[in-house]
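**Student:** from the sequence below, what's the structure:
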Amino acid sequence: MTNELILIVEDSRTWLQAIEMSLSKEGFRVITAKNAIEGYHKVVTEFPDLIISDINLPELNGYQFCRLIKNENATSFIPVILLTSLGQKQDRFWGLKAGADRYIVKDTSMDVLLKEVKTLIDEKKDKARRKPSKSAIDDMKDADIMSKVNFLFDKLLFESTIMGEIKNLASFINNRTKFLMEFFNTMSALLDYKASGLLIISEDNTVLYLDLKEGMLSDENIKTVKDFYADNIKIEIANGMEYNNKEIHMPYFIESGLNIQEERLGNIFIFNDKEYKIKNRNTLSLAGKELAVVVKLMLLYEENERLSITDGLTKAYNRRYFNTQIEKEFEKAKRYNSKLTLIMLDIDHFKLLNDNYGHQQGDMVLIHLSRILKENMRSIDFIARYGGEEFAVLMSGADIREGAILAEKLRKKIEAYPFPALQKGAKPLKTTISLGVAEYSADMNSTDDLVKSADNMLYKAKEDGRNRVKMHE
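**Tutor:** Prediction:
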């Protein structure tokens with residue numbers, strides 16, 4: 001026969017007696033309280049095995065009472081069943097969010113309540129009992145209980161405010177620079193620190209963004225960050241450029257991982273010259289949990305943007321994005337009378353290559369060609385797959401002579417390059433490219449004129465025997 005102690009907190013005498021009678025018949029010991037204040041005294045003095053509480057209670061309602069129980073280490077694992085005459089979904093939502101183990105509408109059969117009581121009692125038997133100290137019990141007053149409640153709800157308000165502020169950063173996922181500025185502003189408002197870092201992990205560009213208050217972090221501090229992520233990390237200073245030449249060492253740091261299930265998205269690092277309290281650690285941990293979702297959204301947005309402007313095979317920019325960029329550069333050259341050069345290039349006899357070796361081999365050549373172009377151009381040059389086997393290279397601030405020099409360099413690189421053969425045991429393939437170069441001039445009315453000029457030079461290079469560079473004189 002069962003002998004567990006159950007506390008019923010209920011201001012309705014009718015309901016209290018009905019529940020008490022049903023539990024007693026099943027062999028449970030029962031104690032009662034007419035409100036949550038009295039109920040809490042019973043919890044910390046009698047330490048029941050399970051609590052059944054009404055929601056509609058005077059002074060302190062059932063939601064608040066449940067949160068108070070679940071927030072205390074000594075009582076957090078005591079099962080709580082909330083009873084109510086309210087059956088709306090939002091009422092059930094708040095009941096479960098308050099930490100209740102079960103939420104039961106009073107119109108439900110008493111058998112259902114008894115079944116849930118027995119289930120929760122069985123589940124609890126394996127959990128350790130951690131009673132509060134005797135002195136804490138003796139000194140407990142109603143005012144102390146209300147103070148605990150106020151502290152708890154102040155804490156919940158603070159946490160919900162932090163969560164709201166972090167979630168608001170989702171408004172800036174389309175602009176990483178703005179996102180970083182708003183993130184570090186939020187961190188500065190929440191925590192005191194000498195330096196803060198946000199590590200964002202992505203497939204090809206893992207970056208540690210720094211917010212520096214007094215100086216550049218020491219090599220030892222940077223090593224601390226790298227120990228969390230062993231691969232190469234690019235470091236960018238988001239705030240504090242004026243302190244870049246001053247190096248300081250911060251002996252204390254706290255961190256919070258940005259994780260969604262098994263996926264690691266990065267870390268938040270906070271460095272200081274004095275040790276952080278547990279409250280600061282909890283704040284950073286909460287911020288990290290919320291920020292992980294925002295960073296994931298930003299990475300997904302950036303990946304979607306990248307895919308929309310990138311050729312899927314070669315990873316060069318696509319023609320649609322090329323058209324956007326050449327319009328911008330053309331207008332800039334026209335307005336400021338600046339230099340702008342375009343190179344159009346094409347693989348020689350590419351159809352024959354596809355016919356002889358297959359389209360997969362042709363794709364392999366295109367992939368390697370794109371890689372060679374990227375590796376041999378200036379960082380400010382713009383490369384796009386213009387169509388099929390044709391590529392375009394846009395050189396801002398360069399004249400036609402500089403364009404011709406780069407074109408010749410590319411021609412030689414491709415001519416000498418051993419393209420991997422897909423057929424097992426086959427020798428590497430050789431191919432060549434033809435290139436046409438043209439420069440913006442004041443008599444050009446649109447980008448079409450510049451493209452046509454470079455294209456004409458490309459066709460002339462092919463007519464003159466291929467594997468050569470022709471430039472518009």
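**Student:** how about the nearest residue to Leu458, chain neighbours excluded?
**Tutor:** Closest residue in space to Leu458, ignoring its immediate chain neighbours: Gly436 at 3.2 Å, by Cβ to Cβ, 6 or more residues apart in numbering. From N, CA and C alone the C-beta is placed, and that goes for glycine too.
**Student:** tell me, how many residues neighbour the one you found?
**Tutor:** Gly436 has 26 neighbouring residues, counting by other Cβ atoms under 10 Å.
**Student:** ok, it - contacts?
**Tutor:** Counting by Cβ atoms under 8 Å, 6 or more residues apart in numbering, Gly436 makes contact with 343-345, 454-461, 469-472.
**Student:** tell me where the model's unsure across this protein.
**Tutor:** For the chain, applying pLDDT under 70 flags the ranges 1-2, 86-97, 125-159, 230-231, 241-245.
**Student:** helices along the stretch 151-300 of the chain, start to end?
**Tutor:** Listed in chain order, the helices of the stretch 151-300 of the chain (DSSP state H, counting those that start in this stretch) span 176-190, 219-228, 278-309.
**Student:** now render those helices as JSON lines, adding mean neighbour count and distance to Ala398.
**Tutor:** Conversion of those to JSON lines gives the following (neighbours: other Cβ atoms under 10 Å; distance: least, Cβ to Cβ, whole Å):
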{"stretch": "helix 176-190", "mean neighbour count": "17", "distance to Ala398": "27"}
{"stretch": "helix 219-228", "mean neighbour count": "14", "distance to Ala398": "36"}
{"stretch": "helix 278-309", "mean neighbour count": "16", "distance to Ala398": "22"}
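**Student:** which among the contacts of Gly436 end up buried?
**Tutor:** Ile343, Met344, Leu345, Ala454, Asp455, Met457, Leu458, Ala461, Val469, Lys470, Met471, His472 (16 or more other Cβ atoms under 10 Å).
**Student:** tell me where the stretch 1-150 of the chain has strands.
**Tutor:** 5-9, 29-33, 50-54, 80-84, 102-105 (DSSP state E, counting those that start in this stretch).
**Student:** as JSON lines, the ones you listed with distance to Glu329 and mean neighbour count would be great.
**Tutor:** As requested, the strands of the stretch 1-150 of the chain are exported to JSON lines (distance: least, Cβ to Cβ, whole Å; neighbours: other Cβ atoms under 10 Å):
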{"stretch": "strand 5-9", "distance to Glu329": "73", "mean neighbour count": "23"}
{"stretch": "strand 29-33", "distance to Glu329": "77", "mean neighbour count": "18"}
{"stretch": "strand 50-54", "distance to Glu329": "70", "mean neighbour count": "25"}
{"stretch": "strand 80-84", "distance to Glu329": "66", "mean neighbour count": "25"}
{"stretch": "strand 102-105", "distance to Glu329": "63", "mean neighbour count": "19"}
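**Student:** I figured Gly288 hits Ile254, correct?
**Tutor:** No: between Gly288 and Ile254 there is no contact under Cβ atoms under 8 Å: 10.2 Å.
**Student:** re the thing from before, which of the strands of the stretch 1-150 of the chain sits closest to His249?
**Tutor:** strand 80-84 (49.1 Å; Cβ to Cβ).
**Student:** tell me what the closest one is packed against?
**Tutor:** strand 50-54, helix 62-71, helix 89-97, strand 102-105, helix 110-124 (3 or more Cβ pairs under 8 Å, 6 or more residues apart in numbering; DSSP states H and E).
**Student:** so which of these is nearest Ala407?
**Tutor:** For Ala407, the closest of the helices and strands packed on strand 80-84 is helix 89-97, at 65.4 Å, according to Cβ to Cβ.
**Student:** hang on, the earlier thing: from the contacts of Gly436, which ones fall inside helices?
**Tutor:** Assigned to helices by DSSP state H, the following of those qualify: Ala454, Asp455, Asn456, Met457, Leu458, Tyr459, Lys460, Ala461.
**Student:** which residue packs closest to the second one, ignoring adjacent ones?
**Tutor:** Residue nearest to Asp455 in three dimensions, not counting chain neighbours: Met344, with 5.4 Å by Cβ to Cβ, 6+ apart.
**Student:** no further queries at this time; thank you.
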